[in-house]
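**Q** What follows is a predicted protein model with its sequence.
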Protein chains: 4
Amino acid sequence: MKRIAVITAGGDAPGMNTAIRSVVRFGVNSKIEVFGVFRGWSGLINEELKQFDHRSVSGIINQGGTILKTARCPEFQTQEGMERAYATIKKYSLDGLVVIGGNGSFAASHAFGNKYNVPCIGIPASIDNDINGIDATIGSDTAVNTALNAIDNIRDTATSMERIFVVEVMGRDCGYIALAVALGGGCEDVIIPERKFDLSLMCHDIVDGNLRGKASWIVVVAEGAAHAEDIAKQITDMTSLETRAITLGHIQRGGRPTAFSRELALRLGKEAVDCLLRGERDLAVGLCCGKINTVDFATAIKKKELPVELWYNLIKTLT
Amino acid sequence: MKRIAVITAGGDAPGMNTAIRSVVRFGVNSKIEVFGVFRGWSGLINEELKQFDHRSVSGIINQGGTILKTARCPEFQTQEGMERAYATIKKYSLDGLVVIGGNGSFAASHAFGNKYNVPCIGIPASIDNDINGIDATIGSDTAVNTALNAIDNIRDTATSMERIFVVEVMGRDCGYIALAVALGGGCEDVIIPERKFDLSLMCHDIVDGNLRGKASWIVVVAEGAAHAEDIAKQITDMTSLETRAITLGHIQRGGRPTAFSRELALRLGKEAVDCLLRGERDLAVGLCCGKINTVDFATAIKKKELPVELWYNLIKTLT
Amino acid sequence: MKRIAVITAGGDAPGMNTAIRSVVRFGVNSKIEVFGVFRGWSGLINEELKQFDHRSVSGIINQGGTILKTARCPEFQTQEGMERAYATIKKYSLDGLVVIGGNGSFAASHAFGNKYNVPCIGIPASIDNDINGIDATIGSDTAVNTALNAIDNIRDTATSMERIFVVEVMGRDCGYIALAVALGGGCEDVIIPERKFDLSLMCHDIVDGNLRGKASWIVVVAEGAAHAEDIAKQITDMTSLETRAITLGHIQRGGRPTAFSRELALRLGKEAVDCLLRGERDLAVGLCCGKINTVDFATAIKKKELPVELWYNLIKTLT
Amino acid sequence: MKRIAVITAGGDAPGMNTAIRSVVRFGVNSKIEVFGVFRGWSGLINEELKQFDHRSVSGIINQGGTILKTARCPEFQTQEGMERAYATIKKYSLDGLVVIGGNGSFAASHAFGNKYNVPCIGIPASIDNDINGIDATIGSDTAVNTALNAIDNIRDTATSMERIFVVEVMGRDCGYIALAVALGGGCEDVIIPERKFDLSLMCHDIVDGNLRGKASWIVVVAEGAAHAEDIAKQITDMTSLETRAITLGHIQRGGRPTAFSRELALRLGKEAVDCLLRGERDLAVGLCCGKINTVDFATAIKKKELPVELWYNLIKTLT
């Protein structure tokens, strides 16, 4: 293992830069040459990469986004795309790849690494926290805090104007952000992809609460479960109460990584380099039950199960 | 002037609580009895008010929203509504009103105060900064900072993924927030109600920039000018480039007031009480060219003119 | 178990209010009467307590500090103090106590609970993260983020003015905050109580780095290891380079709890009530290897061992 | 005017980078060559400068500190230092200087510009807000907000533990930050260089308040008036009440500039370039009574008078 490359792929997440810094510095410190690949897989296909040294990653420990940039790359799912990527790997004599990304990036690494015999190690970075077998992805803590601050702000208006708000947070297949935000924000209800939801029951609760003097409600919706606008309209139709919809959107992706997102990124960056040095491959590093560990890609890309009912009951009992 | 009441009306704004604190404490300190009216004008109509003392406003100096709550009140625009409000004023022997709110609240105060001979003093609090004749409303600095932080976050993704974002900020008739955010956020363009906008010209710039390697754009849109979704769709149609729409929404209304919003609220609260004590009426207090001053309600509710071209040129030259 | 009381004791930590909310609402929901005791143990001694209901804890989920207030109470370490506290427990027919606090509070609970046969359950809340056997205390994530933001700010000046800064963070016997902040802040060195430190070696590194063009340094010091002023003076003496000392102090204790501090507080509040209902006693609830669990008070109050060398090596390799 | 240079001198302030961006982009846009000088005046002396273009200032609009770095430079106060600086100006054919800094930097510009006939325009950037004749310096709004957030945090502990805190903020000759923070933070008292202070009177108030049940106090101290440690010790001596001292220090210098600091920096950067283009010299640009204007250096460096009694009375009446 003399020369490796680091890639960020998929949607950006806060802490990706922190992870890049860690991979580069631990790599260089271990006498490995480290290349940065730009624009995700397409950078490998199009030979957009350059050697990084200790200084290349100065000043990025607390910067959101990724200096390597990232992009979706449908071409990498074709035979031709993978061939070209592999040609770059050969040309630059790369002995291994560190892939910082989420589910999709791990699936691609799994396929590509096995097909072309390229050692790939994944570092889970995704705001969705949807990687199976690990406690937390880099960036999810930051995204939850950003969304929670937004909810705190919305609560001010909800209370002052005695209104119902439906707030849509990110999470296509995974209700993690929605659950965490609904819990921490003291929200009255939450709608997620993993759980059947009875809107008429909630509307009944809202009307009931309204009669008892509870005038403000915040309902959190994961984007993968429903759209805030639709839910708000249905609530208005069923209750005749004024309801506002808010979609937090991309503010959840950016911003300075929190302490936890940074710590995780720094520790996993080291672990990824160590894995390559030990000859490991086809797996992701991650925090498992509070400890740094590894998970096979095949396991990591399976659907993650959250203790949905437990969280939901917590939320409902606390409000 | 022995007994006054304080009301928050219209949409909530960060710093309303700070202003309430100031009115109550300066009132009490001037040996006046101060009543807090709940839920805006409807609290006057429905006799929802109670006497406040020094302690009633403890711990709210940095809290968003309004402990008096606020509400829209169409009833106050009827003869009957005003009669009932006036009846409450008589019943409680209120000698004057301090109305914390925006344009609509000032127009209502102007009409009501003159019709029923009730001294009303307005304190401008609105995130839109749309009160004529004054430099800044309470809450607008906070809202601009909140929106700017959101833009900073979005910039991380725009740069990392090399994408176009259209971000809709608040401002129904007034482009102030949009201009301030576009300027401070280094945004590439801004669409506001006060200025004709040539979308095809902007799309031409985008395509042009794209060819030269400028891959990310942020366009800020004031809600009164257009909807982010529509603009994003049009950009995609014209440029074939992927474009995302984000509507920041109510996160701009809440949160802790900034230092400036607090200072303004505290100084204007004192000035409002002083105005009533001096026998003034039918006017708003405000910062005018950097100094505390007053503006007739009749002037304050006129359309505020912003130096739109000057700001727009600044924004375009800086990006 | 029909009636319990909840106390906050020791130094305040962000998330204590969130935990109070959880204990009260889960208690009430389980048909238990819940009393809030004011000012820590002295409230038990002086009969300062009152019954809380669902509404008593509204609006505090995101507030720093503790609405129950807290105080040091040397009197509770005397026989007489404990007798009086026990008298209150009898008078109010309290069947159990939930004690939200740190090391000292758990030691006191352990002694008192066993001596007077009062079931006590501890909820770990302390910015120091120094409770043995558990992953994280309520408030430590918030404190680390607050300190890290401060370090980010200081980095701006350190880089711009090319200066050395020594930053003292909280942590009397425990270097946790210092290690986490030094790691996440990309700091050049860290001095903690758990590890011998060679100042002349660091000064040698500083001078060496200076010759190679590395002009700015941030050294983090845990308050229990040394004082920033002293270290700064010694660095100046040894290197002749201008060095500034900063002591972050109590800003680390306050502020809105982060998402993680809130989630932990809410889950542990429920668990503490459940423990009392199940007849458990003399133990703390806590996150252990990522899962909610319990730890005997006797274990919890022992000295917590951190993986100091592992962290220190991470920090040094990354800078 | 074909070629100018921009310098940041004195202590760094948030928004300096924003101002650099503005000077460079407006300069380049006006067909002027713009050089960036590194490390303040010493960069001019030692010929550390390079040409900047539009791209040189990308991505710094929201970054604290200064990419030009800054340094104190006693050598520039000597004849020889000034000669060498002037030699650089001749060598590079610089037609004018934009100096971003505070009082000291303006005094130096005034002396140097007049002696060597070099047109110098100052842009006021200093957290202290101590430039005479203008409303606000770049960075002061940011510093006040940073200090205010710290005070908000400290208030949580002050209230929860019912303690007295003395908080020292920056401001060597100027009590601006202290006054703004004490007002916005609802602090009980404030000690500044511009105003005689009767500590025994304050201690009397503290004891008095304590008897009436007011248990927590925050006293803000400007560094130029006294040290927090000394005041805390005196309060303890006089009142026998436990008192804590905190010195906020350099956290007030760094961090992202607020919206207002950014807007000011961007507008003043343009104005400074315009002044040079119009042939003006020996003056600072600034916000005067809410409008962009200019102030002679000779006036700007005089002692700024604050409406101290007015602010002090506001603070004392509001608590």
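**A** Happy to help now that I have it. Residues are numbered from 1 along each chain as shown, chains lettered A, B, ... in the order given.

**Q** how far does the helix of greatest length in chain A sit from the chain's center?
**A** Using DSSP state H, we find that the single longest helix of chain A is helix A:140-161. Centre-to-centre, helix A:140-161 and its host chain are 19 Å apart (Cα atoms, centre = their mean, to the nearest Å).

**Q** Compute the inter-axis angle for it and helix C:140-161.
**A** Interaxial angle of helix A:140-161 relative to helix C:140-161 (axes from the mean of the first three to the mean of the last three Cα atoms, to 10 degrees): 110 degrees.

**Q** and helix A:140-161 with chain B, contact?
**A** Yes - contact of helix A:140-161 with chain B (Cβ under 8 Å from any Cβ of the partner chain) involves A:Thr146, A:Asn149, A:Ala150, A:Asp152, A:Asn153, A:Ile154, A:Arg155, A:Asp156, A:Thr157, A:Thr159, A:Ser160, A:Met161. (Each C-beta comes from the backbone N, C-alpha and C, glycine too.)

**Q** is that helix up against chain D anywhere?
**A** No - using Cβ under 8 Å from any Cβ, helix A:140-161 stays clear of chain D, coming no nearer than 13.2 Å.

**Q** The helix or strand following that helix - what's its average pLDDT?
**A** Downstream of helix A:140-161, the next assigned helix or strand under DSSP states H and E is strand A:164-169. Strand A:164-169 shows a mean pLDDT of 98.

**Q** how about strand A:164-169, does it reach chain C?
**A** No - contact of strand A:164-169 with chain C (Cβ under 8 Å from any Cβ) is absent, the minimum separation being 12.1 Å.

**Q** Quick check: neighbours of that strand in the sheet, parallel or antiparallel?
**A** Using DSSP bridges, the strands paired with strand A:164-169 are strand A:217-222 (parallel), strand A:243-247 (parallel).

**Q** now the following helix or strand past the longest one against strand A:217-222, angle please.
**A** Elements were assigned by DSSP H and E; along the chain past strand A:217-222, the next helix or strand is helix A:228-239. In this structure, helix A:228-239 runs at an angle of 140 degrees to strand A:217-222, with the same axes, to 10 degrees as the basis.

**Q** in the stretch 101-250 of chain A, which segments are predicted with low confidence?
**A** Counting by pLDDT under 70, the stretch 101-250 of chain A contains no low-confidence residues.

**Q** Spell out which residues of it are next to chain C.
**A** Applying Cβ under 8 Å from any Cβ, we find that the stretch 101-250 of chain A lies next to chain C at A:135, A:141, A:144-145, A:148, A:152, A:159, A:180-181, A:183-186.

**Q** Kindly reformat the strands paired with strand A:164-169 as CSV containing mean neighbour count.
**A** Output for the strands paired with strand A:164-169, formatted as CSV (neighbours: other Cβ atoms under 10 Å in any protein chain shown):
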stretch, mean neighbour count
strand A:217-222, 27
strand A:243-247, 22
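
**Q** what's the domain layout of chain A?
**A** A:3-139+A:257-300, A:141-253 (automatic domain parsing).

**Q** got a markdown table for those domains, with distance to C:Val24 too?
**A** Shown next, in a markdown table, are the domains of chain A (distance: least, Cβ to Cβ, whole Å):
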| stretch | distance to C:Val24 |
| --- | --- |
| domain A:3-139+A:257-300 | 28 |
| domain A:141-253 | 13 |
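
**Q** mind checking which of those domains is nearest C:Phe52?
**A** Proximity to C:Phe52 (Cβ to Cβ) singles out domain A:141-253 among the domains of chain A, at 16.2 Å.

**Q** list the helices and strands the longest helix of chain A packs on?
**A** strand A:164-169, helix A:176-184, strand A:217-222, helix A:259-277, helix C:259-277 (3 or more Cβ pairs under 8 Å, 6 or more residues apart in numbering or on different chains; DSSP states H and E).

**Q** got the angle for that helix vs helix A:259-277?
**A** Using the same axes, to 10 degrees: helix A:140-161 against helix A:259-277 is 160 degrees.

**Q** where along chain A do the helices fall?
**A** Counting by DSSP H, chain A has helices at residues A:16-29, A:41-45, A:79-91, A:103-116, A:140-161, A:176-184, A:199-211, A:228-239, A:259-277, A:297-300, A:308-318.

**Q** quick one, what contacts the nearest residue in space to A:Glu47 that is not next to it in sequence?
**A** Leaving aside its sequence neighbours, A:Glu47 sits nearest to A:Thr88 (Cβ to Cβ, 6 or more residues apart in numbering or on different chains; 5.1 Å). For A:Thr88, the contact set (Cβ atoms under 8 Å, 6 or more residues apart in numbering or on different chains) comprises A:Leu44, A:Ile45, A:Glu47, A:Leu49, A:Leu94.
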